[in-house]
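Novice: quick one, what's the 3D model for this:
(one chain, ligands or ions: 1)
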Amino acid sequence: MPDSGSSGSQPRPETLLSRIGRPVAHPGPVNMPLHRASTIVFDTVEDLEAAKSARFDKGTLFYGRFGTPDVFAFEEAIAVLSGGYGTVAVPSGLAACVLPLVAFLKPGDHVLVTDSVYEPARTSLSAFIARSGVEVSYFDPRAGAAIAEAMRPNTRLVYLESPGSLTFEIQDLPAITSVARAHGALTMCDNTWASSLFLKPLALGVDLVVEAATKYVVGHSDAMIGTVTAAREDHHRLLRQAANWLGYRISPDDVYLAARGLRTLAVRLERHYRTGLALAEWLECQPQVRRVLHPALASHPDHALWLRDFSGASGLFAVELATTKAGAIAFVEALQLFSQGFSWGGFESLVLLTDPGHARTATRWEAEGSLVRLYAGLEDADDLKADLKSGLDRLDAFTRG
Ligand SMILES: *Cc1c(COP(=O)(O)O)cnc(C)c1O
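Specialist: The predicted structure follows:
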């Protein structure tokens with residue numbers, strides 16, 4: 001078994017990150033070796049039968065698709081970091097968003113989803129999950145306890161994401177989870193933005209935490225992995241079962257990169273946090289900027305919730321530029337240090353023109369200007385600021401014609 005790092009009193013996060021998911025046998029390597037396996041071989045019929053009947057239990061070696069010791073070690077590391085019973089690692093963040101839906105919903109059930117949900121997950125809900133006779137509806141991410149009004153007698157699952165993708169609303173997780181619990185519904189929360197280092201949704205009453213480890217855990221834009229962590233053992237079993245229905249399996253190389261990323265998660269996140277906030281504060285004072293959507297800014301409407309529940313912020317935020325789409329294109333294309341591209345969480349800064357309005361159904365996205373998402377990488381903050389300044393200068397030139 002990997003070292004859970006949880007013996008005695010729980011170490012602080014930075015210490016934990018250098019302990020969890022490592023081999024315990026000494027003498028031995030510091031890092032978990034890779035295991036390439038489809039077939040696992042057994043000596044006796046009894047051993048094989050025992051592994052088969054325990055194949056959905058945490059850490060059971062049965063067949064490659066059910067996981068190998070390197071995968072189990074990574075899963076245990078994420079579970080310890082999140083404060084959960086167990087984690088199931090899957091091939092991508094989106095696969096992690098979909099897994100609880102497959103594991104817990106059946107025809108006739110209702111799933112209530114935040115209107116600010118990651119858009120590809122919204123597509124999976126409407127084009128795939130809804131096809132199997134599951135009712136899907138959306139709620140205002142800022143509803144808090146008023147989510148009670150959106151609950152139906154058949155609501156089985158409430159799907160949360162905080163802050164919301166693109167629009168950065170913070171959800172009142174304790175208020176929402178207590179309503180859901182009283183109603184007998186499960187809650188899942190996409191925690192990709194903060195990662196389990198800066199937000200612990202399970203401690204706020206959430207049952208299942210989803211993360212695109214592709215982003216901050218891997219941290220170098222070179223592998224894709226998702227994780228689903230359950231607070232309870234029975235839920236963890238059902239997730240493992242559903243992962244097998246779907247045939248999910250992850251490669252040892254990707255697991256290795258994700259486990260390696262974990263070791264530096266705290267130092268990287270601290271830097272993304274500081275640089276992102278410095279850029280957000282600077283942008284807020286620029287005349288071309290209508291508003292900055294960053295929960296760590298005092299001007300953010302959910303700042304008090306962020307202060308209450310989070311211990312840090314991501315490098316990902318958005319700015320609404322006081323310009324047309326063409327002006328925003330001029331800004332984005334003038335940037336040299338921010339590349340355009342999807343995803344984030346790596347060492348390199350990114351920028352993306354976005355339009356959250358078209359995906360909304362429960363709420364309206366009101367913006368007079370153009371929304372641009374920024375991701376602060378590990379570059380020097382002043383260099384990044386100078387690059388944004390040149391983008392804003394280009395915007396001025398564009399506006400003057
Ligand atoms: C990127 C992302 C995902 C999907 O992760 P992939 O690994 O790209 O599939 C899910 N949720 C959120 C909030 C994300 O930002």
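
Novice: skipping its backbone neighbours, what lies nearest the closest residue to the ligand within the stretch 1-150 of the chain in space?
Specialist: Residue nearest to the ligand within the stretch 1-150 of the chain: G93 (2.0 Å; C-beta to the nearest ligand atom). Glycine gets a C-beta too; all of them are placed from N, C-alpha and C. Of all residues beyond its chain neighbours, the one nearest G93 is A212 (2.4 Å), with distances taken as C-beta to C-beta, 6 or more residues apart in numbering.

Novice: check contacts around the residue of the stretch 1-150 of the chain closest to the ligand.
Specialist: Neighbouring residues of G93 by C-beta atoms under 8 Å, 6 or more residues apart in numbering: T192, V210, E211, A212, A213, T214, K215, M224, I225, G226.

Novice: what parts of the stretch 101-250 of the chain come near the ligand?
Specialist: By the rule C-beta under 6 Å from any ligand atom, the part of the stretch 101-250 of the chain lying against the ligand is Y118, E161, S165, D190, T192, A212, T214, K215, M224, G226.

Novice: show the pLDDT at the fifth one.
Specialist: Residue-level confidence at T192 comes out at 98, pLDDT.

Novice: next, the nearest residue to it once chain neighbours are set aside: phi, psi?
Specialist: In this structure, T192 finds its nearest non-sequential neighbour in A212, 4.4 Å apart by C-beta to C-beta, 6+ apart. Per-residue torsions, A212: phi -80, psi 90 (degrees, to the nearest 10).

Novice: number of residues surrounding A212?
Specialist: Counted by other C-beta atoms under 10 Å, the residues lying close to A212 total 27.

Novice: I'd say it and A96 touch.
Specialist: Yes - the pair A212 / A96 is scored as a contact, 6.7 Å apart, by C-beta atoms under 8 Å.

Novice: shared neighbours, the two?
Specialist: Common neighbours of A212 and A96, using C-beta under 8 Å, 6+ apart, are G226.

Novice: sort the residues of the stretch 101-250 of the chain next to the ligand by pLDDT and name the bottom one.
Specialist: Ranking these by pLDDT, S165 lands last with 88.

Novice: just the buried ones among the residues of the stretch 101-250 of the chain next to the ligand, please.
Specialist: Burial by neighbour count, judged by 16 or more other C-beta atoms under 10 Å, picks out Y118, E161, S165, D190, T192, A212, T214, K215, M224, G226 from those.

Novice: I'd like the distance between the second one and I176.
Specialist: In this view, E161 and I176 are 12 Å apart by C-beta to C-beta, to the nearest Å.

Novice: check contacts around the residue of the stretch 251-400 of the chain found nearest the ligand.
Specialist: Closest contact between the stretch 251-400 of the chain and the ligand, by C-beta to the nearest ligand atom, is at S343 (5.5 Å). Residues near S343 by C-beta under 8 Å, 6+ apart: T214, K215, S221, L350.

Novice: returning to that earlier point: just the ones of the residues of the stretch 101-250 of the chain next to the ligand in helices?
Specialist: The members of those all map outside helices under DSSP state H.

Novice: list the contacts of the closest residue to D140 other than its chain neighbours.
Specialist: Using C-beta to C-beta, 6+ apart and skipping the chain neighbours, the partner closest in space to D140 is T363 (4.9 Å). Residues counted as contacts of T363 (C-beta under 8 Å, 6+ apart) are D115, D140, P141.

Novice: run through the bridge partners of the residue nearest to T192.
Specialist: A212 has the following beta-bridge partners by DSSP bridges: G226.
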